[in-house]
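# just coords:
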């Protein structure tokens, strides 16, 4: 039976197990939209195509499935660029379908024509320009295979209008993707398991650095087994949060620019770093020339191009993390020296607890860190939290203790403001049973707040906590520390967020005192539909500790501690 | 140091752009790049020369493998290999100079492929060194125009056989029958 390219598109998606897509119609994708009605797929109408890509991304990160976003040609496609780049940096598997002008018009600067395959070439794993109905199925099926294979990432399929309209027969067997397997083969110079095991068992002060790859590989249990068997402490990256339960006694917490001080000190004192599914981003290493100088290094990543990129390592293993660690496990032992190392790390905590804002006397101000700590407590650490980018993101990472894999979704690599609300919509649709909280600054929220309408139209029970300090807070913090408090363009006004939410039909509250946090959060939780809370927090608070960009990892700016200083006087 | 890669890619529209874009965005500088057909229909071979260190070369190889249309990458820098460049050089040569130029062409085992009253066109193949050298001795006579292909290279002896190249996945029926087994190919 002949089918149109548009029908083949939807049938391909159904065959790939797609049940939900996020999109926005337009001229060049109209044939596909017309055909959509005949297929069992939920379409979420977004308010901006960037939102569609973030939703697909949030959907993918929450569920591990491939997220799908759809847009028309030209501006529809270019609006996707930020979301695609976000997914690329954070290894999130999404497939973006875009309409394209008719194949005869390509290159003629036709209405809403844009070279989206050219534009997205450096920010996709691969992309396709499909100009005939016959090529639709092979391209779409291969796109899914590419998106989810190896290191996951975004793939774009650009389909011309005439390819959507034309009809052909489909041979589904012939359309099956047949990707080169050379990618999985070891290359000369790759390290092997024996070298890694020898280093691990010989180390006196080993430390596991666990990244996003733990979750992407499904290696959560293997990492914990490795840590327990070898009595090796674990530090996590921002995207690694949740891969190892925060409550696990060997999980030290987050490393890097706003990581825990003792974690960064432990990295600098370690004699072995076991880097698992992380990529030594500049935000976690600080100054590379002084980074973990005493440590031998093992690096496992499925993407060989990450090995020896930023940090030279002793054993580089390009392999799926789970199978790599699984191979080590039977051979890993815990030498007697590990107890001393764990005790040393404990002593590195020093006065951190005293400096912790949670333990400072209540001065009547509402601090963002308080709000997040309360949110963690009230949701029993069980919520799926989606954060935006900035100070609130770091406070969330520090004070919301995630015990569940994939329970924190945040834009790490690209640092995309405006990510949180749309990504949370995707996450909620992927995991309708999860309690979803958006933690977002007043700046980032104003970038994509139009998606509140999507929340309402889709009847989603999403709670939004705006950490509202009237500043682009993280940039303000940099200005305070490094630019002599010259607050250029960082004070930002906003609407009355509660009234705004009500205008969308969303329940809302405004909180200015810590005493009111409890009730507001509980009220939002009880409500089985969307709610928004505007937390008006201390305006000029800063995130501590902080490793200034490019500084040595152990040279952190710490929160001033009046108590400690008074005691010393 | 200069690294020479032999890169096998599907012969599809836009592949050259994907490869060159990769070099650009990863901040590798291409010294030369040539591309042409291979003995396997549907597969093109690029010879890419890049100035980078050992780690850079390994990362580049890994990045190239991540390109979907890329089937195989060989770093043949260290392998015993034959590297050739082809040049066409137009020299202004009249009268006595013409005889001198023709003698030089003989010495370098080059060929004269076009003669006009005002100029000669010389074709030469060889290592880049040899061509550079020929160019130096011709320069005093007046090099009017020159074009070079850039390096093409091949390992000596039997194939390095580190990996073999599969024929293109579609529409070649062989690949479908073998379930995409890459060892099926022949290079």
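Sure thing, it's come through. Keep in mind it's a predicted model, so treat the numbers as computed, not measured.
# residue contacts, the residue nearest the centre of chain B?
For chain B, the residue nearest the mean C-alpha position is residue B:152 (2.6 Å; Cα atoms, centre = their mean). Neighbour list for residue B:152: B:34, B:36, B:47, B:83, B:84, B:85 [criterion: Cβ atoms under 8 Å, 6 or more residues apart in numbering or on different chains]. In this view, the C-beta of every residue, glycine as well, is placed from N, C-alpha and C.
# and it, what are its phi and psi?
phi -110, psi 150 (degrees, to the nearest 10).
# and the chain, what are its domain boundaries?
Since no chain was named, I'll use chain A. Domain assignment for chain A by automatic domain parsing gives A:3-178, A:193-348, A:368-536.
# try chain B instead
B:1-78, B:82-148.
# of all the ones you listed, which lies closest to chain A?
Of all those, it is domain B:1-78 that lies closest to chain A, at 3.7 Å by Cβ to the nearest Cβ.
# burial count for the residue in the stretch 101-250 of chain A that chain B sits nearest to?
Among the residues of the stretch 101-250 of chain A, residue A:178 lies closest to chain B, at 3.7 Å counting by Cβ to the nearest Cβ. Using other Cβ atoms under 10 Å in any protein chain shown, residue A:178 has 22 neighbouring residues.
# quick check on it: phi, psi?
phi -140, psi 80.
# list the contacts for the residue lying closest to residue A:110 once chain neighbours are set aside?
Spatial nearest neighbour of residue A:110, chain neighbours left out: residue A:101 (4.5 Å); criterion: Cβ to Cβ, 6 or more residues apart in numbering or on different chains. Counting by Cβ under 8 Å, 6+ apart, residue A:101 makes contact with A:28, A:73, A:110, A:111, A:112, A:113, A:160, A:161.
# same thing with residue A:455?
A:421, A:425, A:462, A:504, A:506, A:530.
# what do you get if the cut-off is 7 Å, keeping everything else the same?
Residues in contact with residue A:455 (Cβ atoms under 7 Å, 6 or more residues apart in numbering or on different chains) are A:425, A:462, A:530.
# got it, and residue A:278?
Residue A:278 neighbours (Cβ under 7 Å, 6+ apart): A:209, A:210, A:211, A:213, A:237, A:240.
# can you put the residues you listed in CSV and add pLDDT, secondary structure and distance to chain B?
Formatted as CSV, the contacts of residue A:278 follow (pLDDT from 0 to 100; DSSP: H, G, I helix; E, B strand; the rest coil; distance: Cβ to the nearest Cβ, whole Å):
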residue, pLDDT, secondary structure, distance to chain B
A:209, 98, strand, 20
A:210, 98, strand, 22
A:211, 98, coil, 18
A:213, 98, helix, 16
A:237, 98, coil, 21
A:240, 98, coil, 22
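# in the top helix by length along chain A, which residues are buried?
Across chain A, the helix with the greatest residue count (assigned by DSSP state H) is helix A:49-63. By 16 or more other Cβ atoms under 10 Å in any protein chain shown, the buried positions in helix A:49-63 come out as A:49-63.
# closest to chain B among these?
residue A:60 (19.0 Å).
# can you get me a residue count around the closest residue to the closest one other than its chain neighbours?
Among residues not flanking residue A:60 along the chain, residue A:67 sits closest, at 3.9 Å (Cβ to Cβ, 6+ apart). Burial measure for residue A:67: 34 neighbouring residues, criterion other Cβ under 10 Å.
# surely residue A:67 and residue A:56 touch.
Yes: using Cβ atoms under 7 Å, residue A:67 makes contact with residue A:56 at a distance of 3.0 Å.
# where do the contact lists of these two overlap?
Common neighbours of residue A:67 and residue A:56 (Cβ under 7 Å, 6+ apart) are A:94, A:426.
# please name the residues that touch residue A:161.
Neighbours of residue A:161 in contact, by Cβ under 7 Å, 6+ apart: A:28, A:31, A:99, A:100, A:101, A:102.
# can you give me the strands for the stretch 201-350 of chain A?
Counting by DSSP state E, counting those that start in this stretch, the stretch 201-350 of chain A has these strands, from start to end: A:206-210, A:234-236, A:251-254, A:272-276, A:296-301, A:315-318.
# sheet partners, orientation included, of the shortest one?
In this case it means strand A:234-236. strand A:206-210 (parallel), strand A:251-254 (parallel) (DSSP bridges).
# which of those strands is buried the deepest?
With neighbours taken as mean count of other Cβ atoms under 10 Å in any protein chain shown, those reach their highest mean count in strand A:206-210, at a mean of 28.
# which strand or helix spans residue 145?
Just going to use chain A. Using DSSP states H and E, the element containing residue A:145 is helix A:136-148.
# wait, chain B
Per DSSP H and E: strand B:143-148 holds residue B:145.
# which of the residues in that strand are buried?
Buried-residue list, strand B:143-148, by 16+ other Cβ under 10 Å: B:143, B:148.
# now that strand: how far from the chain's centre is it?
18 Å (Cα atoms, centre = their mean, to the nearest Å).
# output the contacting helices and strands for it.
Counting contacts by 3 or more Cβ pairs under 7 Å, 6 or more residues apart in numbering or on different chains; DSSP states H and E, strand B:143-148 packs against strand B:81-92.
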